[in-house]
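Q: just need the structure, nothing else, for what follows:
(one chain, ligands or ions: 1)
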Amino acid sequence: MNARPWLIRGARVLGGPVQSVLLRDGLVAALGQAAERDAAGAHARVLDAGGLLALPGLVDLHTHLREPGREDAETVETGSRAAAAGGFAAVHAMANTSPVADSAGVVEQVWRLGRDAGWTDVRPVGAVTVGLAGERLAEIGAMADSPARVRVFSDDGHCVADPLVMRRALEYVRAVDGVVAQHAQEPRLTVGAQMNEGSVSADLGLPGWPSVAEEAIVARDVLLAAHVRSRVHVCHVSTAGSVEIVRLAKRRGLPVTAEVTPHHLLLTDDEVRSYDPVFKVNPPLRRPEDVAALRRGVADGTIDVIATDHAPHPREDKECEWAAAAMGMTGLETALGVVQAALVDSGFLTWAEVAERMSRAPAVIGRLDDPALGAHRHTGRLAAGEPGHVTVHDPGAAWTPSPGSMQTMGTNTPFAGRLLPGRAVATFLRGEPTALDGVPVDDAPGAPSAGGGRR
Ligand SMILES: [Zn+2]
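A: Next up, the predicted model:
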């Protein structure tokens, strides 16, 4: 079966020179003049990308899809549609579902739901401990060997706080070439915490979540990972001190990677003065000096990855008083626009570096570049012969997000009413569009209206 190829005509590839990109047979077939020449003979379909950017398909290392168990918040189908609309070609689905993704059966279920929906490659994250309880290790080997091929393990939402359990987890994941993605939060230091501990929490009289509760776990875990020669990844780094610890660890050659969310790169704890629970998130929004340190950390490569921590909630869990509201924000559809605002337009990152932080590094950390994945590989590279996953971004399409106009079921975007400078306009997965003109392509192969799975 040979579908007609696609030509993405005249995009600035990785923000560099204007080139056309030809997608054929699931791959990037050619760039530049060769792409134009081959497209003419093959009756290619054309996306006019003048003034737009072409990036390797984005990979999210940290997404909450909520299924199974909280289908009132999001499903694999709605969340992966949101991912396609936001420019993502693959997402890692976090394990804090109900039941928890702590067994081969649950990760395989999530993997199949993602494959059948067909909007984006859904890579399940396996829990580190049974039930996220922090006590007994989950079926790490069985999840790694399952069809879901789990390589990222996380109790996200909870910290693996017991140092002996964390040590054993690091030893187990090493054997499957996996990584522990730690939600760094010392639980004893954050009991009842409602926001960042600092001058704003003092003004508001809300219980604080101190920076040291994150930094103490980050410091411990880089030392543990070095001791057992295994990989640790720090989820959603939020403080200047954590950035400094990761920087020192990398300088010593320790096996640590780190991520930051778009919201921690743009928003501060001053937002909490509104008492609008849309700004309640874990880890909490921090001080302006933390935001500045996070931006510098992404710029100098201390922070490897920008990951969304997309966390949709049903309205009733968010639209209530601050103390009762759930923690979390949606992020898949706003990520690229926020990154442009926080890092590109302000000179911290080039678009090629955005591709490194939002595609290449997360693909490598999640081992999506493994040749054994075949057509489902993600390399984070946009070059001839690479998988045909491409994100097309319009850096001039200023827009104002509003909850009602998003694909996610979650209405909890902290960027509602805020002008973002650009947005993803098209996403290609294995050479076929999953989103065009900023919306999911409902007749994309594999979409439900086309009657079944992509493969
Ligand atoms: Zn977390």
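
Q: touching, Arg231 and Val173? I think so.
A: Yes. Under the criterion of CB atoms under 8 Å, Arg231 makes contact with Val173 at 7.2 Å. The way it works is simple: take the backbone N, C-alpha and C, and place the C-beta from them, glycine included.

Q: pull up the residues of this protein that are close to the ion.
A: 156, 183 (CB under 5 Å from the ion).

Q: let me see the contact set for the residue most central in space within the chain.
A: What sits nearest the mean C-alpha location of the chain, by CA atoms, centre = their mean, is Asp60, with 2.5 Å. Going by CB atoms under 8 Å, 6 or more residues apart in numbering, Asp60 touches 83, 88, 90-92, 307-308, 310, 332, 335, 362.

Q: all helices for the stretch 251-400 of the chain, in order.
A: Remark: helices assigned in the stretch 251-400 of the chain by DSSP state H, counting those that start in this stretch are 262-266, 288-299, 315-318, 335-339, 351-355, 361-365.

Q: packing partners of the first one?
A: In this case it means helix 262-266. helix 288-299, helix 335-339 (3 or more CB pairs under 8 Å, 6 or more residues apart in numbering; DSSP states H and E).

Q: in TSV: those helices, plus distance to Gln194.
A: Shown next, in TSV, are the helices and strands packed on helix 262-266 (distance: least, CB to CB, whole Å):
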stretch	distance to Gln194
helix 288-299	17
helix 335-339	24
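
Q: so where's the stretch 351-455 of the chain shaky on pLDDT?
A: 443-455 (pLDDT under 70).

Q: neighbours around Gly198, how many?
A: 17 (other CB atoms under 10 Å).

Q: how near is the residue lying closest to it once chain neighbours are set aside to Ala216?
A: In space, and not counting its chain neighbours, Gly198 is closest to Arg287: 5.7 Å by CB to CB, 6 or more residues apart in numbering. Here Arg287 is placed at a distance of 18 Å from Ala216 (CB to CB, to the nearest Å).

Q: what of Glu321?
A: Counting by CB to CB - Glu321 and Ala216 are separated by 30 Å.

Q: hang on, the earlier thing: closest one to Ala30 among the helices of the stretch 251-400 of the chain?
A: Nearest to Ala30 among the helices of the stretch 251-400 of the chain is helix 351-355 (19.1 Å), distances taken as CB to CB.

Q: show residues contacting the closest one.
A: 12, 14-16, 53, 55-56, 299, 306, 336, 339, 343-344, 380, 382.

Q: biggest separation within those residues, which pair?
A: Once CB to CB is applied, the contacts of helix 351-355 give Ala299 and Leu382 as the farthest pair, at 21.6 Å.

Q: name the SS class of the closest residue to the ion within the stretch 1-150 of the chain, please.
A: Closest contact between the stretch 1-150 of the chain and the ion, by CB to the ion, is at His62 (7.5 Å). Applying DSSP: H, G, I helix; E, B strand; the rest coil to His62 yields a three-state assignment of strand.

Q: show me what contacts it?
A: So His62 contacts 92, 94, 156, 181, 235-236, 259, 261, 307-310 (CB under 8 Å, 6+ apart).

Q: just the closest of those residues to Glu67, please.
A: Nearest to Glu67 among these, with distances taken as CB to CB, is Met94, at 11.3 Å.

Q: number of nearby residues for that closest one?
A: Neighbours around Met94, by other CB under 10 Å: 28.

Q: after the lengthiest helix in the chain comes which helix or strand?
A: Ranked by residue count under DSSP state H, the longest helix found in the chain is helix 211-228. Next helix or strand after helix 211-228 toward the C-terminus (DSSP states H and E): strand 232-234.
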